[in-house]
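Below: sequence and its predicted model.
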Amino acid sequence: MAINKTRTLSNFTAQKNALAALLAVKTAAGKITTINRDIDRKFRAEAGNVNELLAAIEAKFKRCEALYYTYFEDADHGVLTGNVTTLPVEVDCELIDSTSVINHFFSVNDRYSYKEIIDYNFQTFILTMASIYENLVLLSEIYLKKVIIYIRKPLSSPLHDYLEYLKLLISLGYRENDKLNQCMTTSAPFLNRYLIQINLLRNKFIHGFSINLESDAYNYYVKSMDTSLFTTRSADLLLQVFTKEVLDNTKIFAINLMTALEKSGKHHTKTIPA
């Protein structure tokens, strides 16, 4: 089955520019402190460091969009579950990125090869999403006084850990219900349900060997990692449904978080980290 389509990739230009402008103003006013940088240089509030991080977040998100539009949006569940009548599967996806036009094309006439393509790219999608969340934690720890304090530097700072630390600090009275927490509360319905699922998928891909996708002979599903969050083979675990939900809500969360970080430090009396 041949599919031709055109999709436009997202950008975080407004949010990136606002954060960069805030940093420039605070730097010029001498309102940058080293409190976070003294813990780890990766938290330094410097233009080069921040701009590189913001560019990475945007690039990774666009990569996830490209994967969704090319491989998941119109996934052929028939072929994925063993029906060969719609072979070959062909997708020609034109992606518009600002003034650039990128074509992603593939054609496959074997159901096993098609399944391998989908399985591999789903793994890439999950690992990239998990990386975006860690980058957003790092961004928060640059613009705001730290939430997570480690004795020994970890290899990563998952968003799930960040949220748990934030809740504890608020309950102890060390942090207020500020713009950061309000952002997290707004995104709670998505984060509470999907973050554990994504973390567990990430860990399974890195440390295990399963593809974490399964079939009921009619449809292709993301495997439920926690049955208290997702019923096995429920409609919201359908490959294209799950990946779209993650993509759409991650975009909203990233925009809201960047906006919250910018507003948190905007007042002329505030320093960075705020």
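Looks like it came in fine. Residues are numbered from 1 along each chain as shown.

alpha carbons only for contacts and neighbour counts from here, please
Noted.

tell me the average confidence for stretch 139-148?
On average, the pLDDT along stretch 139-148 is 96.

Next, the buried residues of it.
Within stretch 139-148, the residues that count as buried by 16 or more other CA atoms under 10 Å are Leu139, Ser140, Glu141, Ile142, Tyr143, Leu144, Lys145, Lys146, Val147.

Check the residues you listed against Leu23 and report the nearest one.
Tyr143 (8.8 Å; CA to CA).

which residues does the closest one contact?
Ala45, Leu261, Glu262, Gly265, Ile272, Pro273, Ala274 (CA atoms under 8 Å, 6 or more residues apart in numbering).

Please flag which of those sit within strands.
Assigned to strands by DSSP state E, none of the contacts of Tyr143 qualify.

got these as TSV, with neighbour count columns?
Shown next, in TSV, are these (neighbours: other CA atoms under 10 Å):
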residue	neighbour count
Ala45	23
Leu261	25
Glu262	23
Gly265	20
Ile272	24
Pro273	26
Ala274	21
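
in the chain, which spans are helices?
13-28, 47-67, 77-80, 111-143, 159-171, 179-186, 188-207, 239-264 (DSSP state H).

Serialize the buried residues of stretch 139-148 to CSV and add fields for distance to Gly208.
Formatted as CSV, the buried residues of stretch 139-148 follow (distance: CA to CA, whole Å):
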residue, distance to Gly208
Leu139, 29
Ser140, 30
Glu141, 30
Ile142, 33
Tyr143, 35
Leu144, 35
Lys145, 36
Lys146, 32
Val147, 30
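
Looking at those residues, which one is closest to Ile170?
Looking across the buried residues of stretch 139-148 and measuring by CA to CA, the closest to Ile170 is Val147, at 10.2 Å.

looking at it, the closest one is touching Leu166, isn't it?
Yes - counting by CA atoms under 8 Å, Val147 touches Leu166, with 6.0 Å between them.

Quick check: Asn177 vs Thr124, distance?
From Asn177 across to Thr124, the span is 35 Å (CA to CA, to the nearest Å).

Looking at the two, which is more packed in?
Thr124 (17 against 14; other CA atoms under 10 Å).

Roughly how far does that one sit from Leu239?
14 Å.

now Leu180
Leu180 is 31 Å from Leu239, by CA to CA.

which of the two has more neighbours?
Legend: neighbour count by other CA under 10 Å for Leu180 and Leu239, higher for Leu239 (25 against 20).

State the distance from the closest residue to that one other than its chain neighbours to Leu163.
Of all residues not flanking Leu239 in the chain, Tyr221 sits nearest, at 5.1 Å (CA to CA, 6 or more residues apart in numbering). In this view, Tyr221 and Leu163 are 28 Å apart by CA to CA.

With Asp248 instead?
Remark: distance between Asp248 and Leu163 (CA to CA) = 20 Å.

What of Ile252?
17 Å.

Compare neighbour counts for the two and give me the winner.
Leu163 (18 against 12).

Test for you: state the pLDDT assigned to the residue nearest the centre of the chain.
For the chain, Met129 is the residue whose C-alpha lies nearest the centre (CA atoms, centre = their mean; 3.6 Å). In this model, Met129 is scored at 98, pLDDT.

ditto for His268
pLDDT, read off for His268, is 94.

Any stretches of the stretch 151-274 of the chain with poor pLDDT?
154-155 (pLDDT under 70).

80 - rerun?
151-157 (pLDDT under 80).

Could you do the stretch 1-150 of the chain as well?
By pLDDT under 80, the weakly predicted segments of the stretch 1-150 of the chain are 1.

Excluding chain neighbours, give the residue nearest to Leu261 in space.
Tyr143 (6.3 Å).

gap between the one you found and Ala274?
Distance from Tyr143 to Ala274, by CA to CA: 6 Å.

Give me the common contacts of these two.
Residues touching both Tyr143 and Ala274 (CA under 8 Å, 6+ apart) are Gly265.

residue with max distance from the center of the chain?
Max distance from the centre of the chain (CA atoms, centre = their mean): Thr85, 35.4 Å.

Give the full set of residues in contact with it.
Val79 are the contacts of Thr85 under CA under 8 Å, 6+ apart.

And it, how close does it get to Tyr220?
Per CA to CA, Thr85 is found 17 Å from Tyr220.
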